[in-house]
Each structure stands twice: as structure tokens, then as C-alpha cells.
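Colleague: Attaching a predicted model along with its sequence, questions to come.
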Amino acid sequence: MADETPLPHAVPTLGDGRVELRALTEADLPALVEQSRDPASVRWTGVPDPYGLDDARHFLDLHRRAWADGSGAYWAVTVAAGEDGPGLPFAGLIDLRHPPGAGPAWELGFGLHPQARGRGVMSAAVRLAAGWAFDHGAASLYWHTERGNFASWRVAWATGFTDHGLLPARVPVRGGGAASAWCASLLPGRPMRPAHPWLEAPVLAADGIRLRPLRPDDTAIGEPHDHPPHHVPAGAVPTPETVEDWLLRRGEVMARGTSTNWCIADGETDEPLGEVLVFVRHGTLEVGGTAELGYLVKPSARGRRVAVRAARLAADHALAATDAGGLGLRRLLAETASDNLASNRVLTAAGFTRWGEEAQADAPDGSVGPATHWERLG
């Protein structure tokens, strides 16, 4: 039986003219069940599985108790109809957790109904809830999610949270154990908008290959390899044992605005053949700036000029003006071990020129040896 604790009259309704936060009601419970049964909710949250109306009623009781005892603030999210989609009387949930005695930092949680996704609804809801939290004494607002939940990270990114990296064994996982989590925070007075670009990999096609976004199912890129250790960092080359984490790290660097990474795919079969990337070591990719080119081809795809075609296609895109759909870079660099003859041939064929030689460069494996520096100008 549902807890009869009434919701306090002090539960505020917050809105921006399109998105509204309000008290959860009995009428919302069927939609809450739909949200909680959605595969993304089951994968990334701790909702009971299976989830039924009794579970939703229990959550409503939690909602009431949190407002009554001051341990948290829970709202249902609604969205008005607009050009981006229909109005939804229940679009999701958002909460602020601040148990008595927990200190000045508050925590943020949220979940979105599948019908409301992709419309910026939760970003708007976070701005409303964060503003309320800071008005009510929050010194900071923290968000975390299990590593891999890019949809949740994108909301934190869109609302100006500062990325603090990865916390090991931070969140419980279904079935027992703990998983690493991404963590970020927001301080009062900070702009609630993105602080850097979230990079996307556009589809590019030419000469029988396609450069497209990497996908979690591109595990065929990972093969046993024979790259000399002084040619390429070990972590940059995926193997069958490391490819899942390798793919995840590609998503992380794009979310941080430091790299655009493509899967090199066969133009007819879509078989993943390797990777090409445009990246910076510090800061983020900026129009008019300088970046580096990197690439790898899995051993079974060698001998087909895959790297040449991919490097040329990625470099053309990187140096093209933004109004032509490119990245608008001024200069693209590359560095090779001088004895990496195959890579040197790739860069020459892709339009790069040598601009320097080092006699004692630091190699990826910690050794020291000659290196060649390359550039291509926009």
C-alpha cells in the first residue's frame, strides 16, 4: 500500500516555458513503468528488473519522504509540444540528493522517458534543477554515471559540468560488483552551456572506402598485431582482448573535444578495416588551429592502400573550410619513426611533406631513435 505521507506544499514547480518540473503523481506511474522497462534504463540504472506498478508506487513514496524529511528533491519532468515533437505530460525524472549532514555538495540524478529523448529536454531540466539547488545553498552539484553511458554524459556536457575523469569501482552493477564511473561537477555562477565541443565523425566516402563513426560492434578491428613497439603506442592498437575498451576510449576523447575518430570501413561490405583520427594533445580541436593525423589498419586489411585512401580523405576534411563542411584547420601534422617506411609512404601519398628530422626522439615504447616530422597545410 502506498505511503500516505503528503507531498509538502513547498514542492516548487519550475519551468522555462517549454520544460516544467513538478511533483510526481499517481497519474504518472504508468509512464514511469514504461520508462523503467526501457532497455537503456535497465542497462544504466539500478531500477528493479522486471519493473511494475508496485515498484513505481514505492518510488512515489520515496519521492514524498525525501521532500518531507529534506533528504532530496524529486520532480517529474514535462515538456510542451513544439517543432521537435509532441507534448509529454511525463517526460522523465530528475532529483537532487542532499541528505542531512552530507556536507555542502549535492548530487544530481535523472532519467528520461524514451519518447522524450533527443530533444534537449533533460538538459533544460538540469538547468532548472541546478538553479534551484544553488538558490537553496548547494556549494556544488555532482553528477556521475557508469562508464559507457554517453547519453547521460552528453546532458552533463550540455549543461556546463566540468569533467573530472574516471572514478574506479564507483557504482554498483546489476548482478554484483562495481564499475568505474565518469564524474563531473557544476559550481554556482558557471555558465550552464558546453565548455568545449563534443566532436562527431561525419561520414566521408571515396575510392571504395567509407569513414564513419566507430560503433560498439566494430570489434573486428581488434586483431593480433605485429607493429614494432617503437612505431605506435601499445594502447593505440586494438587486440581481441582490448578492443572493447579501445572503442570506449575513442568515444571518451570525442566527448572531450580532443579528437575526431573514424572507422575505416569497406565501401561495399562495411567491414571495419582500421581507424583514422585527427587529434590534439592539449586543449580541443579549434577552427584555424593545428592538429595531428593518426591511422592504423588491421593486419588482415594490409596491402590494399587502405591507409593511403583513409589518410587522404581525413586530411582533406580536416583542412577544408567549415563552410564547406570541414574542420577548418590551418595545419595538419604527423610524426613517424624514421624506419617506418610504410607509414612514410602513406603520408607522402596523402600530400604531406617532411619538415624536420630528429636524431634522438622519444619513441612510444620508451626507447630513443630517429623520427620524421610531416605537415600538410590548408
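Modeller: Sure thing, it's come through.
Colleague: Please count neighbours and contacts with C-alpha atoms only from this point.
Modeller: OK.
Colleague: Check what pLDDT Pro8 gets.
Modeller: Pro8 is assigned 53 on the pLDDT scale.
Colleague: before we move on, what about His63?
Modeller: On the pLDDT scale, His63 gets 92.
Colleague: From Asp38, how far off is it?
Modeller: 21 Å (CA to CA, to the nearest Å).
Colleague: likewise Val126?
Modeller: 21 Å.
Colleague: Out of His63 and Asp38, name the residue with the larger neighbour count.
Modeller: The neighbour count for His63 versus Asp38, taken as other CA atoms under 10 Å, is higher for His63 (23 against 14).
Colleague: Leaving out sequence neighbours, find the closest residue to Thr25.
Modeller: Leaving out its chain neighbours, the residue that sits closest to Thr25 by CA to CA, 6 or more residues apart in numbering is Leu60, at 7.3 Å.
Colleague: lowest average confidence, helix or strand, in the chain?
Modeller: helix 53-69 (a mean of 94; mean pLDDT, DSSP states H and E).
Colleague: mind listing the helices for the stretch 251-378 of the chain?
Modeller: 306-319, 341-349 (DSSP state H, counting those that start in this stretch).
Colleague: what's the answer for the stretch 1-150 of the chain, then?
Modeller: 29-37, 39-44, 53-69, 121-135, 150-158.
Colleague: chain center to the first one, what's the gap?
Modeller: Using CA atoms, centre = their mean, to the nearest Å, the mean C-alpha position of helix 29-37 is found 26 Å from that of the whole chain.
Colleague: now do stretch 60-80
Modeller: Distance of stretch 60-80 from the chain centroid (CA atoms, centre = their mean) equals 28 Å.
Colleague: So which bits of that stretch are buried?
Modeller: Within stretch 60-80, the residues that count as buried by 16 or more other CA atoms under 10 Å are 60-68, 71-80.
Colleague: Also stretch 226-236?
Modeller: Neighbour-count burial for stretch 226-236, with 16+ other CA under 10 Å as criterion, is recorded at 230-232.
Colleague: out of these, which one sits closest to Ala56?
Modeller: Checking the buried residues of stretch 226-236 against Ala56 with CA to CA, the nearest one is Val232 at 51.8 Å.
Colleague: for that closest one, helix, strand, or coil?
Modeller: The three-state label given to Val232 by DSSP: H, G, I helix; E, B strand; the rest coil is coil.
Colleague: I'd guessed it sits against Pro364; true?
Modeller: Yes. Counting by CA atoms under 8 Å, Val232 does reach Pro364; the two are 5.9 Å apart.
Colleague: what's the overlap in contacts for the two?
Modeller: Common neighbours of Val232 and Pro364, using CA atoms under 8 Å, 6 or more residues apart in numbering, do not exist here.
Colleague: And for Ser300, the neighbour number?
Modeller: Neighbours of Ser300 (other CA under 10 Å): 12.
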